[in-house]
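Novice: Below: sequence and its predicted model.
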Amino acid sequence: MTMKLIIRYILFFLAVAILPSCEKYLDVNNNPNSATKPPINGLLIGTTQHTAMNVFRVANTTSYYVQYLANTSLAGATDTYEPIDASKTWTSLYDNMTDIYDLQKLGEEKGATKYQGVAKIMMAMNLQLVHNLWGDAPYSDAFTGEVLTPKYDDAQTIFQTCLTLLDEGITLLKSTAPTIDLPADADLIHHGDTDAWQLTAHALKARLLNQLSKTPQYNASSIFAELAGAYTSAADDAFINTFDIRNPWDSLAVDNAALNLDGWLSTNYVDAMNGTTYGIFDPRLPLTASLTKFGDYRGTRNGGDRVGTGTDMEESYISLSGYYSSTSSPLYIITYEEMKFIEAEAAFRSNDLPRAYAAYIEGITANMNKMGVAASARDAYINDPSVSVGEAGLTLGLIFKEKYKALFLMPVTWDDARRFDYGYKEFQLPLNVATTTFIRRLVYPTVETGRNSENVPAVSDVTQRLWWDQ
């Protein structure tokens, strides 16, 4: 471990010790002897780390809905669309947004426009996760500490707020006024590089605008404009690789290895990768999944029971040494390959098939190169007739299929599944499912229904569609 990394860890743990003193929307008790204004760099460390961790926390639920993962026992709640209480995820999101709010206010007090800009971009990162899970949510009066039961802003207002925050963040980062630089060791995502933060803001805007594909507001030209200011290679990706102990996906693999069963791969994902569904073996599968005792890859059917004991390698699990799940694997927030698949979709919808096809191929290529797939295996996959279909053979289904594969364990794939009406080949309802159709949203958590019940919107069930998914 380098001295620089040791210092970063020291700063992080100092931040953890300081951050609980901030007044949070969901705090019950406040210590009058606690510090009221934590150091600005402590807030930056904590909020960048927890922003990425919130992506994991959300994905650790949504990965069951898109059938990357499967429960290890019969009829698990996330597998079968039982309403779940996601209070921990809600609290983590709102705790972090409260700290981001404090970071922004401290930046204003100090005239630190770079801190303000980054804070606004991170607020949008976290808020869009809330929006995509629940729709309506507290925002406009949630963080001042003056309102104990904040009102809910409607989902379309929340969505527009995310876009506005990103625009404001870009403007602040472009400011030429004298300001305080971001210390590289306090920014765990882009290490003080404000140009990189601007690329990420444009990337997030492209993601959000592409989410409108079912609505009259969808505008491919607007998406292209954001892509022009976003990532140009995988070197631009937003991620963290500093953790308390290890990458959180690795923690699932470690738990499973210790027979605390977790991180089991779904039959849907494994079959999509091993040639069962699409007739071609995907060379990324060995970089994500463990081999069974039979020397092959086998998934667990969502909603069904495990095949054997669960301790004898009859199924495939998230790999201890996988690209996304080793001890020090990066934890991604948004990536270059996602931008290429957004470009492919927007170009396809606007009938620019040459651009769509080039972006589709580049999305696959970039993801395989990042993961370290051998060039020969990469080229064999891409040149297979089922993948290399030519401009005239390209379909939305192919774009969504390859995006699903490339964005393994990313929560945005649940947004895609809903936009695509779960139209992936051979994508099945779980066994023992509690509904008659696919899941579309979460119910509000008990941390809200118990404390803010007068403002919590009524939700009929988990198949109720959000405004952008009609």
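Specialist: Okay, I see it. Residues are numbered from 1 along each chain as shown.

Novice: I'd like the distance between residue 275 and residue 296.
Specialist: Taking Cβ to Cβ, to the nearest Å as the criterion, residue 275 is separated from residue 296 by 10 Å. No exception for glycine: its C-beta is placed from N, CA and C like everyone else's.

Novice: so what sits against both of the two?
Specialist: Taking Cβ atoms under 8 Å, 6 or more residues apart in numbering as the criterion, residue 275 and residue 296 do not both touch any residue.

Novice: sec struct for the residue lying closest to residue 49 once chain neighbours are set aside, please.
Specialist: Nearest-residue entry for residue 49: residue 188, 5.1 Å, with adjacent residues in sequence omitted and distances by Cβ to Cβ, 6 or more residues apart in numbering. Three states are possible here, and by DSSP: H, G, I helix; E, B strand; the rest coil the one that applies to residue 188 is coil.

Novice: Renumber starting at 175 from here on
Specialist: Got it, first residue is 175 now, which makes that one residue 362.

Novice: Hmm, residue 412 and residue 364 touching each other?
Specialist: Yes: the pair residue 364 and residue 412 passes the contact test of Cβ atoms under 8 Å, sitting 6.9 Å apart.

Novice: Which of the two has more residues huddled nearby?
Specialist: Neighbours around residue 364 and residue 412, counted as other Cβ atoms under 10 Å, are more numerous at residue 412. The numbers are 26 against 23.

Novice: Next, that one: phi, psi?
Specialist: Main-chain dihedrals, residue 412, degrees, to the nearest 10: phi -100, psi 120.

Novice: Now for the residue lying closest to it once chain neighbours are set aside: which residues touch it?
Specialist: If the residues on either side of it in the chain are set aside, residue 412 comes closest to residue 507, at 4.1 Å by Cβ to Cβ, 6+ apart. For residue 507, the contact set (Cβ under 8 Å, 6+ apart) comprises 225, 226, 229, 299, 363, 374, 411, 412, 413, 414.

Novice: Run through the strands of the stretch 375-524 of the chain in chain order.
Specialist: All strands of the stretch 375-524 of the chain, identified by DSSP state E, counting those that start in this stretch, fall at 412-414, 438-439, 505-508.

Novice: Export those as a markdown table, with columns for distance to residue 267 and mean pLDDT.
Specialist: A markdown table is the format used below for the strands of the stretch 375-524 of the chain (distance: least, Cβ to Cβ, whole Å; pLDDT from 0 to 100):
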| stretch | distance to residue 267 | mean pLDDT |
| --- | --- | --- |
| strand 412-414 | 17 | 98 |
| strand 438-439 | 26 | 96 |
| strand 505-508 | 14 | 98 |
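
Novice: So for residue 258, which of those strands sits nearest?
Specialist: Shortest separation from residue 258 across those is recorded for strand 438-439, at 17.5 Å, computed as Cβ to Cβ.

Novice: and the closest one, what does it pack onto?
Specialist: strand 243-244 (3 or more Cβ pairs under 8 Å, 6 or more residues apart in numbering; DSSP states H and E).

Novice: where along the stretch 325-474 of the chain do the helices fall?
Specialist: All helices of the stretch 325-474 of the chain, identified by DSSP state H, counting those that start in this stretch, fall at 329-348, 368-384, 394-402, 422-431, 441-448.
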